[in-house]
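In: compute the structure for the input listed below.
(2 chains)
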Amino acid sequence: MAESFFGLNIAVRGLFSAQRSLDITNHNLNNINTPGYSRQQAVQVASRPMALADGTGMMGTGSDVIGVKRIRDEYLDFKFWSENLSYGEWSVKNQVLADLEVMFNEPSDSGFTTIMSDFFDSLQELSKDPSSAAVRSLVKQRGVTLAKFFNNLATNLEELQKDINYRIQTKVEEVNSLAVQIQQLNRQIYITELGGNTANDMRDQRTVLVDRLSKIINIEANEIVTGYTPDGREDKHFVITISGKALVDHFTVSKLALEQRPSDKKVNREDAGNLYEIKWADGNKLNIKGGELRGYLDVRDGNEGSVNPDNGLVSPNYKGIPYYLKKLNEFVRVFARAFNEGYIDLDGDRAFDPDEVGTGHASGYGYNTDKTGIRFFTMTGEGRQPLSTEDFLDGATDPADIFDIYERITAKNFSVSADILDDYNLIATSDASGEAGNIRVLNELLDFRRNADMFSEGAPEDFMKSLVATLGIDSQQADNYSDNQQIVVNQIINRRLSNSGVSIDEEMANLVKFQHAYNAAAKMIQTMSEIYETLINKLFV
Amino acid sequence: MRITNNMLINNMIKYIGNNLTRMDKLQAQLATGKKIQVPSDDPVVAARALKLRTDVAEIQQYQRNLKDAQSWLEITESALSDMGDIFQRVRELIVGSDAIESPEDLQATKNEIIQLRTQLINLGNSAYAGRYIFTGFKTDQKLLDEAGNFLVDVSNSEQIFYQIGLADSVNINVLGGDLFNSGTDITAGSTGKFIQDMNELIQAFDDADYEAIRSMTQNFSDNLDNVLRLRADVGARINRLELTANRMMNDNTNFTRLMSENENVDMTDTIMNLKNEENVYRASLAGGARIIMPSLIDFLR
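Out: Prediction:
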């Protein structure tokens, strides 16, 4: 015969179980929009049965909730981290290259092509009227516009490089902050779980932090078994490594640090000063293989893997800002050399050969002047003042020495010479003094526009065309990669949501299910109550 | 596969975002009329666009050069034509001089010849846009002084060339030496054949030396021939310029068309595509709204 109040106990257990499940449903519904949240389930079992004393069997004792389970497929987390890495890298490259494209401003009615056309058009007009003050002044202005185009572009590129440098700083600080937060969560999770529970919500929070970290830098995150706890469970430590060295190891953090590169440690000659080098705070070298930081480093330092002749440092193998600066510098040097000296690198060895000197601006005469040897393009010197031919050449007379002087010109300091700016009559057209209509030298200058030997890419406009096309192709590639990678990442997010996300329908169904269970248990209590009513009040009175 | 509410919402946002991206591209194309806004939209089109812009800009510059060359040559032609008339008239006067009896009439004819000489000197100093056309490279200096003596040295190598095409240039000037000095270089201070002949003729009239006057006939025939030779040459050059100008006009049209085909959008296509995208967008909004709104809650009463 059963104990009198046993039935009530079972019913109470039923109430408790249903209530716990209702609470969990409630919790799930509350967190439906919490980032990284994994739905939870009560782990409900039939409670320990009772053996009946007379050997007639086991008597069920109701139900127990023995735990709260987090529904999570950790394989998807690993997958997400590895794909998110590449998404971070390409989305950064995509953004920066899109900025670069806007700076180059092509194809448009105000980009290089137009400015170059305008310059040569003004020279054509000069060829028809070499003594006209109006046309001479126009040539001067168009020359200044051409030089300013390069100055602005180079300055913008340099500013972008500095800007990216700050973004790198921000990202490194973010890595450090995330590492500290993860370390704190590690401590809380570890302590909470010592009792044998699973810290579901804190684990979700930690995964969110690792998700963010995985976009910035290449990490590997693992729970490593380091031994066994006194009660026999595995003692797991959560470890995050970057290229093999631990960023977070259980309760300890190794931070990253930024160090300004000294001027003799520039990766590229074109680089702005004081760019950051990322290291471990303990001074060790850090190898960044992916993520937003890799993207930023590639566009900030990338120069096709070329070696800096000053210090032997190798740049990342990507066409970043230094690559475009280098190309612009090459353009102004070669163009100025050709235009001023008539120098065309026929054999393409980029070195001086005496037989490659032709007729340039320096060999011509201006209008109403017997001065010759004037260079049209020079560079700005101290105080950003354009140099005169005399200051620019600095006493050099040997063609080979003059050739070398052009290495000092950069896109940023490229300028029309002070001589021309002071007196446009010095713009050379003639090969003899006092001949106003003589345009023999000017015709040579005009021919440079179509001189396919000037650059390895061809004529001046071919060079810029090929540079813009290179930028377009790289930017398109970055765009495609980042789009594709986003699709992959989204797919994984969806699979995560499919597995761990909260479904309102499901929770509502559960709500009804557990409500029914609760009602049923309550009904049991009512029934029991009626039984006792009968038993106590009616049977013995 | 288990589908959760947030998956539906995420996917809807993603799809609508994609729709909007495509509509934004089409909208930019319609607003600018260009297929590409940045090189990465289509690097091939971008590279071609740059090349064609250069080509078109160059052709337009060559067209301006052609016009200026034509004007210069037309001024030259008209000067030569006037010179031809002068020599023609001088020949007539020489032929007519036989019948002149009175010294007064001879004097009147002489005066006319002096006037013609002045006119010839003025023609020798013809200018185009303030630049003297017969002085070779010394376009800022007059060819002749009032007496008809040369003021500058002009070598016959001082040919001015205008670029009128790729590796194509035209000589636009007739050199003073070729015209006034029977083909030899000019030195300042000397007197050219034209003026010398005129001076001799005037002298002959002064002397009333009919024999000498008659003997000048051949000289002036030669002078006329020289002018006609140069006129024919200038005419041929103008002719060539006209042909080149026609070709340039065709080139300009063709290259502009190529440029347009390369980078301009086909409005009909684009508007149709936009309409299409708009329909897709509306459909995905409507579909999304239907899918994300209801849940089991709506049916639990």
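
In: got the contact list for the closest residue to chain A within chain B?
Out: Closest to chain A within chain B is residue B:39: 2.7 Å, counting by Cβ to the nearest Cβ. Glycine gets a C-beta too; all of them are placed from N, C-alpha and C. Residues in contact with residue B:39 (Cβ atoms under 8 Å, 6 or more residues apart in numbering or on different chains) are A:101, A:104, A:106, A:107, A:468, A:469, A:471, A:472, A:475, B:46, B:47.

In: sec struct for the residue nearest to it when sequence neighbours are not counted, please.
Out: Among residues not flanking residue B:39 along the chain, residue A:472 sits closest, at 2.7 Å (Cβ to Cβ, 6 or more residues apart in numbering or on different chains). Secondary structure state of residue A:472, per DSSP: H, G, I helix; E, B strand; the rest coil, is helix.

In: which of the contacts of residue B:39 tops the neighbour count?
Out: residue B:46 (29 neighbours; other Cβ atoms under 10 Å in any protein chain shown).

In: mind listing what it touches?
Out: A:106, A:107, A:468, A:469, A:472, B:36, B:38, B:39.

In: make a markdown table out of those and add distance to residue A:219 and pLDDT.
Out: Shown next, in a markdown table, are those (distance: Cβ to Cβ, whole Å; pLDDT from 0 to 100):
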| residue | distance to residue A:219 | pLDDT |
| --- | --- | --- |
| A:106 | 39 | 88 |
| A:107 | 42 | 87 |
| A:468 | 37 | 94 |
| A:469 | 36 | 94 |
| A:472 | 33 | 95 |
| B:36 | 38 | 92 |
| B:38 | 33 | 92 |
| B:39 | 35 | 93 |
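
In: just those now: which is nearest residue A:207?
Out: residue B:38 (37.5 Å; Cβ to Cβ).

In: my guess is that closest one contacts residue A:98, does it?
Out: Yes: judged on Cβ atoms under 8 Å, residue B:38 makes contact with residue A:98 at a distance of 7.1 Å.

In: who touches both of those two?
Out: Counting by Cβ under 8 Å, 6+ apart, the contacts common to residue B:38 and residue A:98 are residue A:475.

In: quick check: longest helix of chain A.
Out: helix A:133-193 (DSSP state H).

In: just checking, what packs against whichever helix or strand comes after that helix?
Out: Downstream of helix A:133-193, the first helix or strand assigned by DSSP states H and E is helix A:200-216. Judged by 3 or more Cβ pairs under 8 Å, 6 or more residues apart in numbering or on different chains; DSSP states H and E, helix A:200-216 is in contact with strand A:63-70, helix A:74-104, helix A:133-193, strand A:220-228, strand A:234-242, helix A:291-301.

In: quick one on the thing from earlier: quick one, which of residue B:38 and residue A:98 is more surrounded?
Out: Each of residue B:38 and residue A:98 has its neighbours counted (other Cβ under 10 Å); residue B:38 has more, 24 against 14.

In: give the contact list for the closest residue to the more buried one other than its chain neighbours.
Out: Distances taken as Cβ to Cβ, 6+ apart place residue A:101 nearest to residue B:38, at 4.3 Å, with adjacent residues excluded. Neighbour list for residue A:101: A:471, A:472, A:475, B:38, B:39, B:40 [criterion: Cβ under 8 Å, 6+ apart].

In: got the phi and psi for the fourth one?
Out: This means residue B:38. phi -130, psi 160 (degrees, to the nearest 10).

In: which bits of the stretch 301-450 of chain A sit near chain B?
Out: A:430, A:432, A:434, A:435, A:436, A:437, A:438, A:439, A:443, A:446, A:449, A:450 (Cβ under 8 Å from any Cβ of the partner chain).

In: try 10 Å
Out: Within reach of chain B by Cβ under 10 Å from any Cβ of the partner chain, the stretch 301-450 of chain A has these residues: A:367-368, A:429-432, A:434-440, A:442-443, A:446-447, A:449-450.

In: now list the buried members of those.
Out: By neighbour count, with 16 or more other Cβ atoms under 10 Å in any protein chain shown, these hold A:367, A:429-431, A:434-440, A:442-443, A:446, A:449-450 as buried.

In: among the residues you listed, which two are most distant?
Out: Going by Cβ to Cβ, the pair spanning those furthest: A:434 and A:450, at 29.9 Å.

In: just the pLDDT for residue 178.
Out: Went with chain A since none was named. pLDDT, residue A:178: 97.

In: nope, chain B please
Out: Confidence score, pLDDT, at residue B:178: 91.

In: the host helix or strand of it packs against which elements?
Out: Using DSSP H and E, the secondary-structure element containing residue B:178 is helix B:176-180. Helices and strands touching helix B:176-180, by 3 or more Cβ pairs under 10 Å, 6 or more residues apart in numbering or on different chains; DSSP states H and E, are helix B:43-97, helix B:103-124, helix B:193-207, helix B:217-263.

In: ok and the shortest one relative to helix B:217-263, angle-wise?
Out: Read it as helix B:193-207. 150 degrees (axes from the mean of the first three to the mean of the last three Cα atoms, to 10 degrees).

In: quick one: buried residues of helix B:193-207?
Out: Neighbour-count burial for helix B:193-207 [16+ other Cβ under 10 Å]: B:193, B:194, B:195, B:196, B:197, B:198, B:199, B:201, B:202, B:204, B:205.

In: what's near enough to touch the third one?
Out: It stands for residue B:195. By Cβ atoms under 10 Å, 6 or more residues apart in numbering or on different chains, the contact list for residue B:195 reads B:117, B:120, B:121, B:124, B:144, B:147, B:148, B:149, B:150, B:180, B:181.

In: at 8 Å instead, please
Out: Per Cβ under 8 Å, 6+ apart, neighbours of residue B:195: B:117, B:120, B:121, B:144, B:148, B:149, B:180.

In: perfect, that will be all.
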